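>>> Pasted the sequence and its predicted model underneath.
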Amino acid sequence: MAKITPLDLTKVRNIGIIAHIDAGKTTTTERILYYTGNIHRIGEVHDGTATTDYMEQERERGITITSAAITASWRGYQVNVIDTPGHVDFTAEVQRSLRVLDGGIVVFDGVAGVEPQSETVWRQADEYHVPRICFVNKMDRTGASYERCLGMIKKRLNAKPVPIQWPYGEGGDFAGIFDLLKMELVTYGDDLGTAIERKPIPADQLEFVQNKRREMVELIAENDEYLIEKYLMEEEITDDELIAALRASTIASRVQPVMCGSALKNKGVQLLLDAMIDYLPSPLDIPAVKGVNPDKTDDVLERQANNDEPLSALVFKIITDPYVGRLAFVRVYSGVLQTGTGALNASKGRKERIGRLVRMFADRREDVEFVQAGDIAAALGLKDTFTGDTLSDTDKPILLEQIKFPEPVIQVAIEPKTKADQDKMGEALRKLAEEDPTFKVSVDDQLGQTIIAGMGELHLEVLVDRMMREFKVDAIVGKPRVSYRETITKPVRIDTTFKRQSGGSGQYARVVVEFEPLSDEEMSEVEESLVFVDEIRGGAIPREWIKSTETGMRNAITGGVIAGYPVVGVRARLVDGAIHEVDSSDMAFKIAGSMCLKEGVQKAAPILLEPVMRVDVVTPDEHTGDVVGSISARRGIIQGMEPRGDGGSNIRAFVPLGEMFGYATDLRNMTKGRGSFSMEFEKYSPVPNSIAEEIIKGK
């Protein structure tokens, strides 16, 4: 076995670059790779040459589709960087990356400020307690406003931004960056951003910069007990004290340092790298990872970031590589993952052999013998391990918290063109579903069609494109359809008896269930469609058959009574029942549970629900009226409008997904090609009766 020299974890950073689409994440990542020596020529998104956008679909569309991992080095520190997508259809990529990262850099467009997906990724980072630095990009664009961006970060994200830099000019006048900590003006002597010049603050700007520094010191001090005392006593606070206090507050997510620059013009990225090292946490700065004993789920376990601890690692991403097979991206929290050794997949209770480990540089990889605690790499040769699975020590198993993903909201029918494509299509869809947890494949039993479901039109378009190119499958794709749901609107009590006599032993089960609808708040809090409550008293039904009843209900809830859509938002209280000493069985109670649920939904005034999307439209001011009218015509409800710095408006609305098909073309026509929009799932809402009738007829 290879000799392992322990990694100095104080010099490791696991960082994600997150933002709204087009804020400049990939451009910023490309500069990070250039300045850390990973690449020797800067690639550009608009040319299709960006290192982390290596898929054909990414290069053609100029967007990031899949998160890419890179290992870089800066100031003697190892930095694992993950560049994530900004388009809402690929939000699962952000979710799974944030689950395993220690810190994040949130990139904002200096003109647009906080955009819809900025809010989404910020919320996701809050959920996973990821400390952040903010980078206000594109300060060279006309209409850029650092102050407005700071205000939006504070107001929209409910954050506590601490500007540690200030731009020297904005838009066409952007000439450099004021470093408020070192009280210097940073300018650049060449176009590549390598000739950094540090100068004294110009005399005509000195008072302004001093005021900004004073504000910064106040913000840092108020989050640190020691410094606030010094500040109030008017004692001098040193730069080292400010940096230490800012680091502690950032890691605790009490504040977020804010920086500025222009990644495209190569300004401000090295300073961002320095801040990444100075203020974002190492694996030792974050709490020990928690999990449970897979054999005893109430037994909570902890693992420290240390090679001597038992192995605990989380698989957060799967990629199917045509040359080497399935790559599993792994974050090792404790212990060492080593080639040629075994590990337990604690999620499935199966042993895996670690065939090969590689360090990732986007689509390039480098073999390594082992991956230590606190590090990120990829493993080859894992047969039964998928996204969200835990790899652990065989003798000391631990099960880490799973990664939660949103449910798909849009679906299309797909069928192979020829008999030869039939088997190839099944294999291709299986591999794509293994990679992407938000991509679901099912078969419509009534029509015999294969149905694929995803997060949006672009999501499914990209996956079908990959199926045709990578797996060489010719297929016919139907029109997109909305993924509706059904629910109940009133409580009912159902008494169901399943009895069958056919000579010999028969079947008997009786269950009494009270059904009631969940409130909107409850639906947003629970992850399951059916909340099952066991209220059996006195052993009317044995324990094992209560479980069978629940299983029968869960099987039945996948198809509703109105149009066969899945049923959601139901609480079922099992209050009574009866058994037969000879004829009762596991199967009888499953069937009784299924029958009871179907009858309960039928009698509880079922209604159809539709996915409602939060839509954000950016339009030039002269077309605002047309855009608002168009949204209203699509049954949209306007939530608000905000002016932007570039002579445009941002319109926020809730619109049913079924009304949004073809909207991209309409918006282009309305705004002469200058408008754009993004949307993400917000909630399920009742469908108006007239429209529900059309949906049922069309089903």
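Cool, got the structure. Predicted model only: the values in this text are computed from it and were never measured. Numbering: from 1, shown residues only.
>>> I'd guess Asn669 is in a helix, am I close?
Yes. Judged by DSSP: H, G, I helix; E, B strand; the rest coil, Asn669 forms part of a helix.
>>> Quick check: the gap between it and Gly675.
Applying Cβ to Cβ, to the nearest Å, one obtains 9 Å for the distance of Asn669 from Gly675. No exception for glycine: its C-beta is placed from N, CA and C like everyone else's.
>>> before we move on, what about Pro167?
Going from Pro167 to Gly675 by Cβ to Cβ gives 28 Å.
>>> Compare those two and say which one has the larger neighbour count.
Per other Cβ atoms under 10 Å, whichever of Pro167 and Gly675 has more neighbours is Pro167, with 27 against 22.
>>> Helix, strand, or coil at the more buried one?
Under three-state DSSP, Pro167 comes out as strand.
>>> was I right about it contacting Cys260?
Yes. Checked against Cβ atoms under 8 Å, the pair Pro167 and Cys260 is within contact range at 5.0 Å.
>>> Need the residues touching each of those two.
139, 146, 177 (Cβ atoms under 8 Å, 6 or more residues apart in numbering).
>>> Tell me the strands beside the single longest strand found in the chain, with direction?
Looking across the chain with DSSP state E, the single longest strand is strand 607-620. With DSSP bridges as the test, strand 607-620 is paired with strand 485-487 (antiparallel), strand 648-656 (antiparallel), strand 676-686 (antiparallel).
>>> so how far is that strand from its chain's centroid?
19 Å (Cα atoms, centre = their mean, to the nearest Å).
>>> Could you do stretch 343-356 as well?
25 Å.
>>> what about the residue nearest the centre of the chain, distance to Pro85?
Nearest to the geometric centre of the chain sits Gln95, at 2.2 Å (Cα atoms, centre = their mean). Separation of Gln95 from Pro85 (Cβ to Cβ) stands at 11 Å.
>>> Check Ala373 too.
28 Å.
>>> try Val255
27 Å.
>>> More neighbours: which of these two?
Taking neighbours as other Cβ under 10 Å, Val255 and Pro85 compare with Pro85 leading, 27 against 23.
>>> and the more buried one, which of the three is it?
coil.
>>> Looking at it now. What's its pLDDT?
Looking at Pro85, its pLDDT stands at 74.
>>> got it, and Met55?
pLDDT for Met55: 52.
>>> do Pro202 as well
Looking at Pro202, the pLDDT reads 95.
>>> Excluding sequence neighbours, find me the nearest residue to it.
Leaving aside its chain neighbours, Pro202 sits nearest to Leu185 (6.7 Å; criterion: Cβ to Cβ, 6 or more residues apart in numbering).
>>> Give me the contacts around the helix or strand hosting that neighbour.
Per DSSP states H and E: Leu185 is located in strand 184-188. For strand 184-188, the external contacting residues (Cβ under 8 Å, 6+ apart) are 168, 175-179, 195-202, 205, 266-267, 271.
>>> now the residues you listed: which count as buried?
Those of those that meet the buried threshold are 168, 176-179, 201, 266-267, 271, by 16 or more other Cβ atoms under 10 Å.
>>> Give me the subset of the residues you listed lying in helices.
Among the buried ones among the contacts of strand 184-188, the members found in helices (DSSP state H) are Leu271.
>>> So which of the buried ones among the contacts of strand 184-188 are in strands?
Using DSSP E, the buried ones among the contacts of strand 184-188 in strands are 168, 176-179.
>>> Give the next helix or strand downstream of the helix or strand of the chain with the lowest mean pLDDT.
Lowest by mean pLDDT, DSSP states H and E among the helices and strands of the chain is helix 56-61, with a mean of 53. For helix 56-61, the following helix or strand on the C-terminal side (DSSP H and E) is strand 68-74.
>>> burial count for the residue lying closest to Ile591 once chain neighbours are set aside?
Sequence neighbours aside, Phe498 is the residue nearest to Ile591 in space, at 5.0 Å (criterion: Cβ to Cβ, 6+ apart). Residues contacting Phe498 under the criterion other Cβ under 10 Å number 21.
>>> Is Phe498 part of a helix or strand, or is it coil?
strand.
>>> Next: Val473.
coil.
>>> so how far is the helix or strand encompassing Arg331 off the chain centroid?
Take DSSP H and E as the rule and Arg331 turns out to sit in strand 325-334. Counting by Cα atoms, centre = their mean, strand 325-334 is centred 18 Å from the centre of its parent chain.
>>> got the buried residues for it?
Buried residues in strand 325-334 (16+ other Cβ under 10 Å): 326-334.
>>> what's the helix or strand containing Arg31 packed up against?
Assigned by DSSP H and E, Arg31 belongs to helix 25-35. For helix 25-35, the packing partners by 3 or more Cβ pairs under 8 Å, 6 or more residues apart in numbering; DSSP states H and E come out as strand 12-19, strand 68-74, strand 77-83, strand 103-109, strand 132-137, helix 269-279.
>>> averaging pLDDT over each of the ones you listed, which comes out lowest?
For these, where the average pLDDT is lowest is strand 68-74, sitting at a mean of 83.
>>> Report the buried residues of that strand.
68-72, 74.
>>> Next, the angle helix 269-279 makes with that strand.
On the basis of axes from the mean of the first three to the mean of the last three Cα atoms, to 10 degrees, strand 68-74 is oriented at 80 degrees to helix 269-279.
>>> helices or strands up against strand 68-74?
Using 3+ Cβ pairs under 8 Å, 6+ apart: strand 68-74 touches helix 25-35, strand 77-83, helix 269-279, strand 356-361, strand 376-380.
>>> my read is Val512 is in a helix, agree?
No. Going by three-state DSSP, the assignment for Val512 is strand, not a helix.
>>> Would you confirm that it contacts Gly577?
Yes. Under the criterion of Cβ under 8 Å, Val512 makes contact with Gly577 at 5.9 Å.
>>> Looking at the two, which is more packed in?
Gly577 (24 against 20).
>>> circling back to that earlier point, check which strands are paired with the strand holding Leu185 and give the direction for each one.
As assigned by DSSP bridges, strand 184-188 forms pairs with strand 176-179 (antiparallel), strand 196-199 (antiparallel).
>>> Check which residues of that strand are buried.
Result for strand 184-188 [16+ other Cβ under 10 Å]: buried residues 184-186, 188.
>>> Enumerate the strands of the stretch 401-550 of the chain by residue range, in sequence order.
Secondary structure of the stretch 401-550 of the chain (DSSP state E, counting those that start in this stretch): strands at 410-416, 440-444, 449-454, 475-477, 481-482, 485-487, 492-500, 507-517, 530-534.
>>> so can I have CSV of these showing mean pLDDT?
Output for the strands of the stretch 401-550 of the chain, formatted as CSV (pLDDT from 0 to 100):
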stretch, mean pLDDT
strand 410-416, 87
strand 440-444, 84
strand 449-454, 86
strand 475-477, 87
strand 481-482, 84
strand 485-487, 93
strand 492-500, 93
strand 507-517, 94
strand 530-534, 93
